[in-house]
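> sequence and predicted structure are below.
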Amino acid sequence: MGEPPARDPWTQLTGLTAARIALGRAGPALPTREVLALALAHAQARDAAHAAFDADAVARGLEALGHVTVQVASAAPDRATYLRRPDLGRRLSGAGRETLERSGARGSDLVLVVADGLSSAAAHAHAVPLVAALAPYVDRAGWSLGPVVIATQARVALGDEIGERLGAGMVALLVGERPGLSSPDSLGVYLTHAPHVGRTDAERNCISNIRSEGLSYEEAAFKLAWHIAEARRLGLTGVGLKDESDLVSLTVESRVPLPPA
């Protein structure tokens, strides 16, 4: 009897990643099942980018946790404009500015913003559980928390204007990330110290891939709390704040305490 064929090492890796590896072939082409799977993933990504944002449902979930919510919109009047004009998604609409002024909430340590971004499905699925997971850290550290702002047709930089208008020490924007062909519902968090219009991406920190197949709510909440504490200590976010949260969390078996603020 001859030796059995060697097992393809790529096949063994398929159980560890959603990446498209070891797809096989049918003659010179991909197998039909993989062609159909790719078409489905592409359709899911397109749907995620175009789906409407149910801000009211997100507000109800956050209010059930005891948060005050405020709803605003960017200067992009509709989804089609939002996708074509990223600049409009980075600034508040006139009505949004008035809404924040009427809220009367200024000067908190932290403002959370829940934004649809490029995947409202991600905001629907993950924003409320992540805010719930963050709550024990906020309470333990004694940080003052402003109203949770729910922003429609929003880009990342919209958080800068929101934070500035609310006089927040920091803003953490929870936003649906650009859909991928294996992750149409991934949530990202962008943290900015001393937010104001004109901040650049180099001046904020990002925690990404928050979803059931990626970073858990508990892990993401710890990372975010660690970044907030370090940002308060250093007086900055961005390239000057390196993520060393894993070095801390690996030193104990249970939930780690926050670093000193």
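All right, it came through fine. Residues are numbered from 1 along each chain as shown.

> and residue 170, bridged to which residues?
According to DSSP bridges, the partner residues bridging residue 170 are residue 110, residue 193.

> low-scoring stretches of the stretch 101-250 of the chain, by residue?
181-182, 249-250 (pLDDT under 70).

> so where do the strands sit in it?
Shown for the stretch 101-250 of the chain, the strands assigned by DSSP state E, counting those that start in this stretch span residues 110-115, 148-152, 170-176, 187-193, 204-210.

> so which other helices or strands are in contact with the last one?
Packed against strand 204-210 by the contact rule (3 or more CB pairs under 8 Å, 6 or more residues apart in numbering; DSSP states H and E) you find helix 120-141, strand 187-193, helix 217-234. Placement of C-beta: from N, CA and C, glycine included.

> returning to what we had before: so which of the strands of the stretch 101-250 of the chain is nearest residue 138?
Ranking the strands of the stretch 101-250 of the chain by proximity to residue 138 (CB to CB) places strand 110-115 first, at 7.2 Å.

> so which elements touch the closest one?
Other elements packing on strand 110-115 under the criterion 3+ CB pairs under 8 Å, 6+ apart are helix 120-141, strand 148-152, helix 158-165, strand 170-176.

> export these to a markdown table and tack on distance to residue 104?
Supplementary listing: those in a markdown table, determined by distance: least, CB to CB, whole Å:
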| stretch | distance to residue 104 |
| --- | --- |
| helix 120-141 | 21 |
| strand 148-152 | 14 |
| helix 158-165 | 12 |
| strand 170-176 | 18 |
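
> for the ones you listed, which one sits closest to residue 219?
Of the helices and strands packed on strand 110-115, the one closest to residue 219 (CB to CB) turns out to be helix 120-141, at 9.0 Å.

> angle of that closest one against strand 148-152?
On the basis of axes from the mean of the first three to the mean of the last three CA atoms, to 10 degrees, helix 120-141 is oriented at 160 degrees to strand 148-152.

> so which other helices or strands are in contact with helix 120-141?
In this structure, helix 120-141 makes packing contacts with helix 32-50, helix 55-64, strand 110-115, strand 170-176, strand 187-193, strand 204-210, helix 217-234, judged by 3+ CB pairs under 8 Å, 6+ apart.

> residue 123: which of these is closest?
Of these, nearest to residue 123 by CB to CB is strand 170-176, at 5.0 Å.

> picking up where we left off before, out of the helices and strands packed on strand 110-115, nearest to residue 15?
Judged by CB to CB, the one of the helices and strands packed on strand 110-115 that comes nearest to residue 15 is helix 120-141, at 23.8 Å.

> pull out the buried positions in the closest one.
Within helix 120-141, the residues that qualify as buried are 120-134, 137-138, 141, counting by 16 or more other CB atoms under 10 Å.

> what of stretch 198-217?
Counting neighbours by 16+ other CB under 10 Å, stretch 198-217 gives 199, 203-208, 210-211, 214-215, 217 as buried.

> show the end-to-end separation of that stretch, please.
When the termini of stretch 198-217 are compared using CA to CA, to the nearest Å, they are 30 Å apart.
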